[in-house]
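Trainee: Requesting a structural model of the entry that follows:
(chains A and B)
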Amino acid sequence: DAGVIQSPRHEVTEMGQEVTLRCKPISGHNSLFWYRQTMMRGLELLIYFNNNVPIDDSGMPEDRFSAKMPNASFSTLKIQPSEPRDSAVYFCASSQRQGTGTYETQYFGPGTRLLVL
Amino acid sequence: GQNIDQPTEMTATEGAIVQINCTYQTSGFNGLFWYQQHAGEAPTFLSYNVLDGLEEKGRFSSFLSRSKGYSYLLLKELQMKDSASYLCAVRSKGGATNKLIFGTGTLLAVQP
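Mentor: Numbers count the residues shown, from 1 in each chain, chains lettered A, B, ... in the order given. As a prediction, this is how the structure comes out:
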C-alpha cells in the first residue's frame, strides 16, 4: 500500500519565485496536514484539512502561503513570492480520523526540501 | 498557550537503556504521541498514551502522568539503528481534536 506521496522531493529556487508543493495522502484517509520543519523551530503545523475542508490555518506564517485541497487525493501548498527564510523541509501527513475517544496515527510523507536562494 | 520541552541531545551506549523525558503545558490534553525521525527521513509513529501509566511495545515503552504533565520514552537494548531524533507531540482537547503540537525533538546518539 502506497504511503503519503510528496513532490518534488527537492526544490531550489530564487527569491521571489512561486513554489508549489504537492501531496497525495494515503487512500481512504480523511485528514491531511502540512508541516514545516527547521532546526530552529522544529516541526510546526501550518494547516490541516478534514474531508477536504481547511480546519485550522493558524500556523500559516503569512499571506504568501496558501493551501488547497480540491479533492480527497490531492493537496497543494503554495508560496508566492518565496523568501530565503522559507527554506525548510515541508512535510505532508495524513490520517484516518476516528470517532471521539479514539486516536488516529498521522503518517508522514518523505518531505520536500526547499532551498530559496 | 502550549509548551512542550524535551532535552536537545542525549548520548547512550549500545545495549544500554535510555530514557527521554518530555514535559508539556497545554490548554487541554487529549493524548501524547512519540515519533521517531532518522536523519533526512520522515517522522514515524512509535507510541500513544492517553491514560496514566506505562505502554510497552517491544524494546520501546512510553509512560504518561497527566497530573504532572510528564511523559518519557524508554528504549531498552539500544541498537545503533536507534540513533535518531525522538519527537514528543501532544494532542489538544477540543474542536481540533486531531491537531498535534510537536516538541523540538531529542537527538539520540547511540555509541558502540
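Trainee: In chain B, mark out all the helices, start to finish.
Mentor: Counting by DSSP state H, chain B forms no helices at all.
Trainee: now the strands for it?
Mentor: Per DSSP state E, chain B carries strands over the ranges B:3-5, B:9-13, B:18-25, B:32-37, B:44-49, B:53-57, B:60-65, B:70-75, B:84-91, B:100-102, B:106-111.
Trainee: Any regions of chain A where pLDDT drops low?
Mentor: Within chain A, the stretches with pLDDT under 70 are A:1, A:98-103.
Trainee: which parts of it sit against chain B?
Mentor: Residues of chain A lying near chain B by CB under 8 Å from any CB of the partner chain: A:31, A:41-45, A:48, A:50, A:55-56, A:91, A:95, A:97, A:100, A:103-111. The way it works is simple: take the backbone N, C-alpha and C, and place the C-beta from them, glycine included.
Trainee: Mark which of those are buried, thanks.
Mentor: Buried members of the residues of chain A next to chain B, counted by 16 or more other CB atoms under 10 Å in any protein chain shown: A:31, A:42-45, A:48, A:50, A:55-56, A:91, A:95, A:103-104, A:106-111.
Trainee: and B:Leu32, what are its bridge partners?
Mentor: Counting by DSSP bridges, B:Leu32 forms beta bridges with B:Asn49, B:Val90.
Trainee: Please save the CA atoms from stretch B:91-109 in CSV.
Mentor: Taking Å, rounded to 0.1, in the frame of the first residue of the first chain, the C-alpha atoms of stretch B:91-109 are listed here in CSV:
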residue,chain,number,x,y,z
ARG,B,91,-3.0,16.5,21.0
SER,B,92,-5.2,19.2,22.3
LYS,B,93,-8.7,18.6,23.5
GLY,B,94,-11.5,20.5,21.8
GLY,B,95,-12.8,21.1,18.4
ALA,B,96,-9.5,20.5,16.6
THR,B,97,-9.1,17.1,18.2
ASN,B,98,-6.6,15.7,15.7
LYS,B,99,-4.2,18.6,15.8
LEU,B,100,-0.7,17.8,17.2
ILE,B,101,1.8,20.1,18.7
PHE,B,102,5.3,18.8,18.5
GLY,B,103,8.3,19.4,20.7
THR,B,104,11.6,20.2,19.0
GLY,B,105,12.8,16.7,19.5
THR,B,106,15.7,14.9,21.3
LEU,B,107,18.6,13.8,19.1
LEU,B,108,19.8,10.5,20.5
ALA,B,109,23.3,9.2,19.5
